[in-house]
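> the sequence and its predicted three-dimensional model are supplied below.
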Amino acid sequence: MKYRILTAALALALTLSACGGEPELEVKADWDVLSGKEGPIVERWNGEAAPELIAGEDYGELIPYIGGESEPNMWERSYYYGLATRDGVIVTAPVYTDVSNITWYDQLSTHSCDTLILRSAVELPEPPAEEWMSAYDDRYGLAASDGSWYTGQIYTDLVATSKAGALLFDLDGDAVMLSPEGRELWRWDASALPLKDFAPGRTYWESAQSTGPVMRWISSWDADGNPDEQYVDLRDGSVCDEPTEFMEQYLDYSGYDGRSRYDEGWFTVDGSELTIMPDSGGEISVELPPEAGSDPYPDIDGDRMLLRLTDGEYLLMDFDGNVLLRSGEYLQWFYLAGGDAPRLPYSLEYVQDEEDVYLGVPTVYSRDGEELFTVTGSVEQWGDRFIIADEDSYRVTDLEGRDLLRLTRWTTSDIPANN
């Protein structure tokens, strides 16, 4: 990720200038060079886009929007995000390299809360040792989903997110645990970090495994593949070499008993009969179509499911066994990056343009199987909004594809790169 930031400096400078930021390069984009395209839909909070979030009580729910990108090739592309109101009013320039929520797992399901995690990039004080290395470093900040509080980008590393909040390193090398409300729960001094080989600047996704409010820290593996591990209660920062009884409840993955898990319950498949057991109670039986085969493994979300048939087709079905959509393309649910709206399904195919660049072409459907829209580009679902980068524009839309915010994508113009 940090490597891709290096390639994006010019794109970010162009975008910041076009969207009201204050980049080092003074670049003014002339949108009149674009002909035959829908123009921008832009409204800025108090008439300007702040260089970063300014905490306030009046925004309402904030959502990310795309305002720039690092690479034209989808396999290497990173987007730059700003924050906007739910109605599409721009609050900040696109100064963040990622916007997400605090998300965690317990031994059964995925959970999240509304707290925003904002990642940005800063230029390193010294050039990198090797040309291929990034000249930028990450910074992180936490903010309320309505912008009422904001820590600022004062953290260098995000170690783990959990039910208890987020564990980060600050600029002094201290490890700091913040609650979802932005309150400091505890702190480890940089000179007395209690975990083995625990330090800023390393890769944490393999070493820091969090479940509920518990983090399992793996400092190394021996020659036989056995981990050297410690356990942290993220509520108070206590560390132990063996999990406590409290921790065991989050680390115990037994009890499946032949059942399969989805985020909101359990299911079993016996022949053509699917039995669904939601966590909310009750039991639902669904007769699957014969062409589902012996191992259909349904992808269940709420009161809908996606099913792969033996001939390679995909179905969207309800719990009454009704087929709402049949598609020859792979159907999947959007990952719900924020908010709590029902997820929508989409299909995705890839096409090559005349320069042999692969482009994604997602088609979005309602939960009743109605085709809503198709774009050439990318679509993310954030609650009841879509964040879109298509061939011509960066957009925020409602779930039916109606634009609330639209910025002209600078890569669609014929402006030479050195201009």
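Looks like it arrived, so ask away.

> mind listing what the closest residue in space to residue 395 that isn't next to it in sequence touches?
On the basis of C-beta to C-beta, 6 or more residues apart in numbering, the spatially nearest residue to residue 395 that is not a chain neighbour turns out to be residue 388, at 4.3 Å. Every C-beta, even on glycine, is put in place using the N, C-alpha and C of the backbone. If a contact means C-beta atoms under 8 Å, 6 or more residues apart in numbering, then residue 388 has 66, 375, 377, 378, 379, 380, 394, 395, 396, 397 as its contacts.

> tell me which element residue 388 falls in.
The secondary structure element spanning residue 388 is strand 385-389 (assigned by DSSP states H and E).

> now whichever helix or strand comes after that strand, how far from the centre of its chain.
If you walk from strand 385-389 toward the C-terminus, the next helix or strand you reach (DSSP H and E) is strand 393-398. On the basis of C-alpha atoms, centre = their mean, to the nearest Å, strand 393-398 is displaced by 17 Å from the centre of the chain it belongs to.

> other SSEs contacting the helix or strand that comes right after strand 393-398?
Beyond strand 393-398 on the C-terminal side, the first helix or strand identified by DSSP H and E is strand 403-408. The criterion is 3 or more C-beta pairs under 8 Å, 6 or more residues apart in numbering; DSSP states H and E, and the helices and strands that strand 403-408 contacts are strand 62-69, strand 393-398.

> mind putting those strands into a markdown table with distance to residue 213, mean pLDDT and mean neighbour count?
Conversion of the helices and strands packed on strand 403-408 to a markdown table gives the following (distance: least, C-beta to C-beta, whole Å; pLDDT from 0 to 100; neighbours: other C-beta atoms under 10 Å):
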| stretch | distance to residue 213 | mean pLDDT | mean neighbour count |
| --- | --- | --- | --- |
| strand 62-69 | 26 | 94 | 27 |
| strand 393-398 | 34 | 96 | 23 |
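
> quick one, which of those strands is nearest to residue 45?
When the helices and strands packed on strand 403-408 are ranked by proximity to residue 45, the top entry is strand 62-69, at 10.3 Å, counting by C-beta to C-beta.

> near the nearest residue to residue 239 once chain neighbours are set aside, how many other residues are there?
What sits nearest to residue 239 in space, not counting adjacent residues and going by C-beta to C-beta, 6+ apart, is residue 194, at 4.7 Å. Around residue 194 there are 14 other residues, counting by other C-beta atoms under 10 Å.

> can I take it that residue 194 is in a strand?
No: using DSSP: H, G, I helix; E, B strand; the rest coil, the secondary structure at residue 194 is coil, not a strand.

> correct me, but it touches residue 188?
Yes: counting by C-beta atoms under 8 Å, residue 194 sits close enough to residue 188 to count as a contact (6.3 Å).

> of the contacts of residue 388, closest to residue 158?
Ranking those by separation from residue 158, with C-beta to C-beta as the measure, puts residue 380 on top at 19.6 Å.

> quick one, what contacts the closest one?
In this structure, residue 380 makes contact with 334, 335, 337, 386, 387, 388, judged by C-beta under 8 Å, 6+ apart.

> where does it sit: helix, strand or coil?
Using three-state DSSP, the structure places residue 380 in strand.

> try residue 239
Assigned by three-state DSSP, the conformation of residue 239 is strand.

> and residue 32, what pLDDT?
The predicted local distance difference test score for residue 32 is 38.

> on that earlier part again, could I get the contacts of residue 388 as CSV with distance to residue 342?
Written out in CSV, the entries for the contacts of residue 388 read as follows (distance: C-beta to C-beta, whole Å):
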residue, distance to residue 342
66, 23
375, 20
377, 23
378, 21
379, 16
380, 16
394, 25
395, 21
396, 19
397, 16
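
> what ranges do the strands span in the stretch 101-250 of the chain?
In the stretch 101-250 of the chain, strands defined by DSSP state E, counting those that start in this stretch lie at 110-123, 136-143, 155-162, 165-170, 175-178, 184-188, 208-211, 214-221, 227-233, 238-240, listed in chain order.

> okay, residue 314 and residue 261: tell me how far apart.
With distances taken as C-beta to C-beta, to the nearest Å, residue 314 is found 21 Å from residue 261.

> ditto for residue 297
With C-beta to C-beta as the criterion, residue 297 and residue 261 are 12 Å apart.

> just to revisit the earlier point, out of the strands of the stretch 101-250 of the chain, flag the one nearest residue 407.
Nearest to residue 407, of all the strands of the stretch 101-250 of the chain, is strand 110-123, at 19.1 Å by C-beta to C-beta.

> and the closest one with strand 136-143, angle?
For strand 110-123 against strand 136-143, the angle by axes from the mean of the first three to the mean of the last three C-alpha atoms, to 10 degrees is 130 degrees.

> model confidence over strand 110-123, on average?
In this model, strand 110-123 has a mean pLDDT of 93.
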